[in-house]
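Enquirer: got a predicted model here, sequence first, then my questions.
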Amino acid sequence: MEKILDIKDLKTYFYIDDKVVHAVDGVSFSINMGEIVSIIGESGSGKSVTAYSIMGIIPKPYGKIKSGMILFKGEDLLQKSEKELTKIRGNKISIVYQEPMNSLNPRLKIGYQLMECLMIHKKMKRKEARKNAIEMLKIVNIPDPEKRYNSYPYELSGGMIQKVMIAMALICKPDLLILDEATTALDVTTQAEILSLVEELKQKYNMSILLITHDLGIVNQIADRVIVMYGGKVLESLPINEITKEVLHPYTIGLMKCIPKIEEKKDVLYSIKGYIPDLNSRFELCPFHERCEKKVEICDNYMPKLVEIKKDHLVRCLLYSEEVEKNYGNASN
Ligand SMILES: Nc1ncnc2c1ncn2[C@@H]1O[C@H](COP(=O)(O)OP(=O)(O)O)[C@@H](O)[C@H]1O
Ligand code: SF4
Ligand SMILES: [Mg+2]
């Protein structure tokens, strides 16, 4: 299958005072054409920094992509000039953030903001851009789109604003859409509506989607593949049909346990013990070492590598490494 995005050994660090935050530290993954890949992980795992690295919007100079490659349709985005990236952002690759209000200009009508995108990237004339903008508002289920075209952002509800943001992200028909916790702030009904819309649009335009969320319910609903991030690293990568039955990494197993099950009426929900690690120093051992309830002796000595355990299923855990098999027999028992 053709890859739309192929990230190789990405390292994005922040240099603050005398500290280095290793926000993304050796991340590799790819997205196939027309695929929905989800990144999950607790807050502070490096999910957004991965997305911002793809978009080329890491704040400079204190944020820096130290090394790696971000191949988009085979071309390394990290080698592109700012001018070239401007042509790609919002056109070939779009992003929708969690806080949509901050992404719109409060002084401009939403119609104009949608239209601008088409006039800049697609060189459309005003009239044609207006027609397309209203059409796009219709596609994302905004009621009375002609009227809404002339609204200012403050006149719209949160759910409607997020739909406008999705319309804006889609209007140039990007090849890759990044949703960074895009529905987190919305009520359940609007969230469901937006997700089914995204799925529908993916089919319609054969778009590829990077869906960043900490909500495993959403992942189950629409993702094809899941990448689990923790401490700036990928700990597991697996196809969606294995998420309920074949999860291997102790961290992913913990995340799965945190999802409330309707049939279990527990007063206290399960949560993974401990806190996410400090990213100010590089890990010598497994990033999940401090919190892991399944660690074995060699976890105190080695850093696990991300290895393919079976087709399309990668895990970074010594329980599944050859060393463990050698020393402890079949460790997955
Ligand atoms: N602009 C920034 N300046 C300094 N540190 C940052 C910045 N953005 C993110 N970080 C740090 O990078 C790490 C990963 O953050 P982030 O990618 O936002 O996590 P997530 O999206 O998974 O919640 C965190 O430790 C965070 O504090
Ligand atoms: S490598 Fe060891 S500490 Fe890390 S997740 Fe696996 S068992 Fe736990
Ligand atoms: Mg984030």
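Expert: Thanks, I have it. All of these numbers come straight from a predicted model, not from anything done at the bench. Ligands and ions are numbered 1, 2, ... in the order given.
Enquirer: what about E155, distance to Y149?
Expert: Separation of E155 from Y149 (Cβ to Cβ, to the nearest Å): 12 Å. (Glycine included, C-beta is placed from N, CA and C.)
Enquirer: more crowded one of these two?
Expert: The residue with more neighbours, out of E155 and Y149, is Y149; 19 against 13, by other Cβ atoms under 10 Å.
Enquirer: right, and the more buried one touches E135 too?
Expert: No - judged on Cβ atoms under 8 Å, Y149 makes no contact with E135 at a distance of 10.5 Å.
Enquirer: contact residues of this protein facing ligand 3?
Expert: Within the chain, the positions near ligand 3 by Cβ under 5 Å from the ion are K47, S48.
Enquirer: quick one: the strands in the chain, in order.
Expert: For the chain, strands defined by DSSP state E occupy the ranges 3-16, 19-32, 36-40, 63-72, 75-76, 93-96, 176-180, 208-212, 225-230, 233-239, 307-310, 313-315.
Enquirer: these: lowest mean pLDDT?
Expert: Of all the strands of the chain, mean pLDDT reaches its minimum on strand 307-310 (a mean of 90).
Enquirer: what lines up beside that one in the sheet?
Expert: strand 313-315 (antiparallel) (DSSP bridges).
Enquirer: any part of the partner strand near ligand 2?
Expert: No - residues of strand 313-315 are not located near ligand 2 by Cβ under 6 Å from any ligand atom, the shortest gap being 8.4 Å.
Enquirer: now for the residue nearest to M303 when sequence neighbours are not counted, how many residues are close by?
Expert: Using Cβ to Cβ, 6 or more residues apart in numbering and skipping residues adjacent in sequence, the residue nearest M303 is L285, 5.8 Å away. Counted by other Cβ under 10 Å, the residues lying close to L285 total 16.
Enquirer: go ahead and confirm L285 touches Y302.
Expert: Yes - counting by Cβ under 8 Å, Y302 is a contact partner of L285 at 7.3 Å.
Enquirer: ok, D180 touching S103?
Expert: No - D180 is not in contact with S103 according to Cβ under 8 Å; the separation is 10.9 Å.
Enquirer: so what sits against both of those two?
Expert: Between them, D180 and S103 share these contacting residues under Cβ atoms under 8 Å, 6 or more residues apart in numbering: V96, Y97.
Enquirer: what sits against the closest residue to M119 other than its chain neighbours?
Expert: In space, and not counting its chain neighbours, M119 is closest to A129: 5.2 Å by Cβ to Cβ, 6+ apart. For A129, the contacting residues are M115, L118, M119, K122, by Cβ under 8 Å, 6+ apart.
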